[in-house]
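Participant: Using only what follows, build the 3D model:
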Amino acid sequence: MPTRTRSRKRLPANYPSIPDAQSGPTRYNEPEVSSALDRVPAIRFEYGLTKADLRMQIEDVLLRRCPLPAGTTTALNDDVRSLLIEMLEDEAIRSHDAMFHRLISLIGRLKIKRAVAALVDTLKDRSTSALTKAYAANALGRIGETAASDALVAVSSTKDAMVRRQIAMALGRINSESVIAHLIRFERDDSVAVSEVATEALRRWEEQLGSKLRAGGGKRQKAGRRKGKILPAEER
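Facilitator: Here you go, the predicted model:
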């Protein structure tokens, strides 16, 4: 069997190999190395120094449902409280129910008065779930601002007993005699869970004012079996 030989074709011109040291610049050069001033940011992302870093720590606390890191509570200045209020309007936070509810609870425990307007908007928003409204009402009660009473009363006709209970509880925490008439109405609520909260709040008002606020001590209801409701964490 005849052997096959490979044909060697010569290139039309000679292209000698040129060492890199002698070759010209490449077509796409690497960018020049940054100067020393450009390599390090002016502000380092250290604990508690930047807004972005603090927000990440707050989100981590809300996700893990753990207490604030040591030293954070004392660092809750006006800037930090403003950040918490901004987070109430953040769609990324609002889309995560558990994180959103814990944020509302944190604002309520810290009694951030500047958050009242944002919490009122949440309470009045028709697209807001009943559980979220319950958390918002609870936070408004803990803040205790009289300005929130009108908003609480405006949504008090809701069919959800859990929300009505939190509204009654919030009104009971507001130190203004204007809430008494609304508490008397809540005491006649069909839900025992709502009426008992209003009755307790009215009892405290009677002790404070030194007089009875309603004849017969209010309407007494039979304690029936309650339907299972998911209450905000503070009321569990």
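Participant: after the helix or strand containing Ile58, next one along is what?
Facilitator: Using DSSP states H and E, the element containing Ile58 is helix 51-64. The element immediately downstream of helix 51-64 (helix or strand, assigned by DSSP H and E) is helix 78-88.
Participant: and this protein, what are its domains?
Facilitator: Taking automatic domain parsing as the domain assignment, the ranges for the chain are 45-110, 133-219.
Participant: out of those domains, deepest packed?
Facilitator: Most buried of these by mean neighbour count (mean count of other Cβ atoms under 10 Å) is domain 133-219; its value is a mean of 19. Placement of C-beta: from N, CA and C, glycine included.
Participant: so for that domain, what's the average pLDDT?
Facilitator: Averaged over domain 133-219, pLDDT sits at 89.
Participant: for stretch 80-100, same thing?
Facilitator: So the average pLDDT for stretch 80-100 ends up being 89.
Participant: got the end-to-end distance for it?
Facilitator: Distance across stretch 80-100, first residue to last, is 17 Å (Cα to Cα, to the nearest Å).
Participant: Can you name the residues in contact with that stretch?
Facilitator: 51, 54-55, 58-59, 62-63, 65, 103-104, 106-107, 110, 112, 114-115, 118-119, 122, 129, 131-132 (Cβ atoms under 8 Å, 6 or more residues apart in numbering).
Participant: Apply 7 Å and report the result again.
Facilitator: Stretch 80-100 is contacted by residues 51, 54-55, 62-63, 103, 106-107, 112, 114-115, 118, 132 when judged by Cβ atoms under 7 Å, 6 or more residues apart in numbering.
Participant: closest to Ser149 among those residues?
Facilitator: Ala115 (15.8 Å; Cβ to Cβ).
Participant: which residues does the closest one contact?
Facilitator: 85, 88, 107.
Participant: Turn these into JSON lines, including distance to Glu196.
Facilitator: Below are those laid out as JSON lines (distance: Cβ to Cβ, whole Å):
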{"residue": "Ile85", "distance to Glu196": "33"}
{"residue": "Leu88", "distance to Glu196": "31"}
{"residue": "Ile107", "distance to Glu196": "27"}
